[in-house]
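1. I would like the atomic coordinates for the input below:
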Amino acid sequence: MLHEGMTMTRIKAKASEMVTGRFARIVAAVVGLLAVTEPAWSADLSPPPAAPVPYTWSGLYIGLNAGYAGTRVTETASGGGAASANLPGGIGGFQIGANDQFGAIVLGFEADFDGTMATKSVTGTGITGTAQIPWIGTLRGRAGYAFDRVLLYVTAGGAANQLISTVNVAGIGTANTTFTHGGWTAGGGIEAAVTENLSARVEYLYFDTGNINVAQVGAPLVTVTGRLQDNLVRAGVNYRLLVAW
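-> A predicted model of the protein is given here:
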């Protein structure tokens, strides 16, 4: 009986040791697993990366442009006679402006000055001569809608150009004149940001002087009136200055 009791005691001790050892191994495995997975948990709990800052069109800018101008010149003499010509030519110059952005709406203004190569003979009934337009400048407001780094805009305002003309009215005489004429302009364009400060654009402008005084010729005095209508297509680049606005 004693022997049997000792045997039972040993069996129970062995079983206890096995259970204890197995439990210890399970605990050790769980601790090891937690140690391995903790970095992943930490990474999962880290804050998400910051969202990219939206592009802003606000600020002052300066730029260069080049393109094409097609001008229609018409002249009419008070004593009878009329003439016209189309003056195509390249243009190029600079612009300066400023924008302010409100959500997706962009408002601003711009001034520009372009030299042109538009010159041609003007012919018609009772009137001949030449016309040359050395330069054109505008001062305009702009309003646009920004699709982040792409801006669609419309523009309108005042404009001026210079007309150098020789007018010959048949049977009356010839006059050489140089006048600067004002007018209005309107158009639109698209501009895209290339970098944070540099953007490129393409735009169209229509310019119209309405009826203007071109020359007064001879005695009896004959007044020659005219009209300039210009279509400008220009490509350009702008650099936004790091100036608070």
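2. neighbours around A219, how many?
-> Other residues near A219 come to 7 when the count uses other CB atoms under 10 Å. In this view, the C-beta of every residue, glycine as well, is placed from N, C-alpha and C.
3. can I assume it sits in a helix?
-> No: secondary structure assignment (DSSP: H, G, I helix; E, B strand; the rest coil) places A219 in coil, not in a helix.
4. contacting residues for it?
-> G173 (CB atoms under 8 Å, 6 or more residues apart in numbering).
5. next one: phi and psi at it?
-> Main-chain dihedrals, A219, degrees, to the nearest 10: phi -140, psi 120.
6. so it versus N213, what's the distance?
-> Noted for A219: a distance of 18 Å to N213, by CB to CB, to the nearest Å.
7. ditto for L107
-> Taken as CB to CB, the span from L107 to N213 is 36 Å.
8. show me which of those two is the more surrounded one.
-> L107 (16 against 12).
9. quick one: pLDDT of the more buried one?
-> Note for L107: predicted pLDDT of 98.
10. I'd say it and D100 touch.
-> Yes: counting by CB atoms under 8 Å, L107 touches D100, with 5.6 Å between them.
11. in the sheet, who's paired with the most centrally placed residue in the chain?
-> Central residue of the chain (CA atoms, centre = their mean): E191, 2.5 Å from the mean position. Note on E191: beta-bridge partners L151, R201, judged by DSSP bridges.
12. and it, what's its pLDDT?
-> 98.
13. my guess is it contacts L198, does it?
-> No: at 11.0 Å, E191 does not count as touching L198 under the criterion of CB under 8 Å.
14. tell me, what's touching the two both at once?
-> Common neighbours of E191 and L198 (criterion: CB under 8 Å, 6+ apart): N238.
15. right, and T174 touches Q216 too?
-> No: here T174 does not reach Q216: they are 11.5 Å apart, not a contact under CB under 8 Å.
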